[in-house]
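**Q** Sequence first, then the predicted structure:
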2 protein chains.
Amino acid sequence: MTQHIVSSFDTELDSLRARIAEMGGIAEKMLEDSVRALTRQDVELAQKVIAHDKKLDALQREIEEQAILIIARRQPMAVDLREVIAALRIASDIERIGDMAKNIGKRGIAISSQFHPQKTMNGIETMRDLAAGQLRDVLDAYTHKDEARARDVWQRDGAIDDLYTSLFREFLTYMMEDPRSITYGIHLLFCAKNIERIGDHTTNIAETVFYQVTGHSLPTDRPKGEAMIGTGG
Amino acid sequence: MTQHIVSSFDTELDSLRARIAEMGGIAEKMLEDSVRALTRQDVELAQKVIAHDKKLDALQREIEEQAILIIARRQPMAVDLREVIAALRIASDIERIGDMAKNIGKRGIAISSQFHPQKTMNGIETMRDLAAGQLRDVLDAYTHKDEARARDVWQRDGAIDDLYTSLFREFLTYMMEDPRSITYGIHLLFCAKNIERIGDHTTNIAETVFYQVTGHSLPTDRPKGEAMIGTGG
């Protein structure tokens, strides 16, 4: 293999990485803006978030096409193959994070004319902060091929699950005390659930980064909080 | 290319198709059993559904590995390449359908000790019937490379969205009338949402089958019901 071909392969991988980074940046902004639109009852910002989702879908398709071309042309092995597979998987998780943010945007619009008690917003914002932190860190871990940071994100996700479970209980009490708030409370619960699932996707990405860098998988049983079953929603 | 190599490539595609069919069969059963476990308050059956999800995850990984080997070894073009890409995409959608069924199973366990009014169960069962019909038909469309049937599934999905919206209103009324039913109602709403999303995944698969067979995409704007925004949840 000549130096020329080798460096051209590197260029192809660089371009794949750049597209993943672009997707990650869009998803981070969508998460941030979707919750801001919700808490500030800003319909226009919510509509922007919803519109951004198409860009993520398009980028995911481009990454898919590019990855397949690389596999067919280069028949990469070992760490190079893992990097291409990782790009496919990470693009899929980021696309789904975009879907979740889009849903928060839609729900923000649905309840934009209703009274938003500050207390309910605080819980959502804290969840958003945790999820945004995990997303930022796992994208950094991807950029720097940092398996320790990936493992750290993967271990942290239980905190979002626990916060979701406590918000579920809080919103429930609120709805029981004032049944007129049920529609509002349900939309908020679905928003909280969307953020909880964004956390799940960041742990998926963490697993993929760990696999890409080390060639090994993290244990199948992540130290999970108790969200989703039991008392949770 | 010798006849031998050609027929071996066919064998590889057949094996990919068989694995997709296996995933489809498992997902169909998981959907059926998850709603049955919910309506019959059958915790044991729900646990079986939850356990089945790991099998889908493993099959998806196998399909991914196999597809990548095929692309690297065979460098397929045109319709053959579309078939391999379609297998990757469809495996991902079926895996997500399994996740939804698993969630229904978990929620079924969470509310298994509560009173289940028949009226609320009827709505969930009707949604399940529609989603199961779409899933069955789109798997048939995949098996028979039948783009007309794929397009039909894609056009039908609005019915599930509309039913979800009407159930949302019904459950809401129910919760407002009896605030003690709020926890139960919320779990049911999340179950209904899971079924609605299974419908979305069947339309994704329909789009993929259409693309695989024709090389073209269906229009980007599916004739969608009004679920999710507005009054819906």
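**A** Received, thanks. Note that the structure is a prediction, hence the values are computed from the model and not measured.
**Q** can you give me the mean pLDDT across stretch A:63-81?
**A** The pLDDT scores in stretch A:63-81 average 90.
**Q** How about residues contacting it?
**A** Residues from elsewhere that reach stretch A:63-81 (C-beta atoms under 8 Å, 6 or more residues apart in numbering or on different chains): A:9, A:12-13, A:15-16, A:19-20, A:23, A:83-85, A:87-88, A:91, A:212, A:215, B:68, B:71-73, B:75-76, B:81, B:85. (Glycine included, C-beta is placed from N, CA and C.)
**Q** ok, now stretch A:35-48?
**A** Outside stretch A:35-48, the residues touching it (C-beta under 8 Å, 6+ apart) are A:33-34, A:49, A:104-109, A:112-113, A:116, A:121, A:124-125, A:128, A:191, A:195.
**Q** Give me the buried subset of the contacts of stretch A:63-81.
**A** A:9, A:12-13, A:16, A:19-20, A:23, A:83-85, A:87-88, A:91, A:212, B:68, B:71-72, B:76, B:81, B:85 (16 or more other C-beta atoms under 10 Å in any protein chain shown).
**Q** Mind checking which of these land in strands?
**A** In strands, defined here by DSSP state E, there are no members of the buried ones among the contacts of stretch A:63-81.
**Q** From those residues, which land in helices?
**A** A:9, A:12-13, A:16, A:19-20, A:23, A:83-85, A:87-88, A:91, A:212, B:68, B:71-72, B:81, B:85 (DSSP state H).
**Q** on that earlier part again, just the buried ones out of the contacts of stretch A:35-48, please.
**A** Among these, those buried by neighbour count (16+ other C-beta under 10 Å) are A:33-34, A:49, A:104-109, A:116, A:124-125, A:128, A:191, A:195.
**Q** Nearest to chain B among these?
**A** Closest approach to chain B among the buried ones among the contacts of stretch A:35-48 (C-beta to the nearest C-beta): A:Lys106, at 4.5 Å.
**Q** That closest one touches A:Ile50, doesn't it?
**A** Yes - under the criterion of C-beta atoms under 8 Å, A:Lys106 makes contact with A:Ile50 at 6.4 Å.
**Q** could you pick out which of the buried ones among the contacts of stretch A:35-48 are near chain B?
**A** By C-beta under 8 Å from any C-beta of the partner chain, the members of the buried ones among the contacts of stretch A:35-48 lying near chain B are A:Lys106, A:Arg107, A:Ile109.
**Q** Return the closest of the residues you listed with respect to B:Leu135.
**A** For these, the closest approach to B:Leu135 (C-beta to C-beta) belongs to A:Lys106, at 25.0 Å.
**Q** helix/strand/coil for that closest one?
**A** Of the three states, A:Lys106 takes helix under DSSP: H, G, I helix; E, B strand; the rest coil.
**Q** Per-residue pLDDT of it, please?
**A** pLDDT, read off for A:Lys106, is 97.
**Q** Show the backbone phi and psi for A:Gln75.
**A** Note on A:Gln75: backbone dihedrals following degrees, to the nearest 10 are phi 40, psi 60.
**Q** nope, A:Asp42 is what I was after
**A** Residue torsions, per degrees, to the nearest 10, at A:Asp42 are phi -100, psi 100.
**Q** I appreciate the help and will end here.
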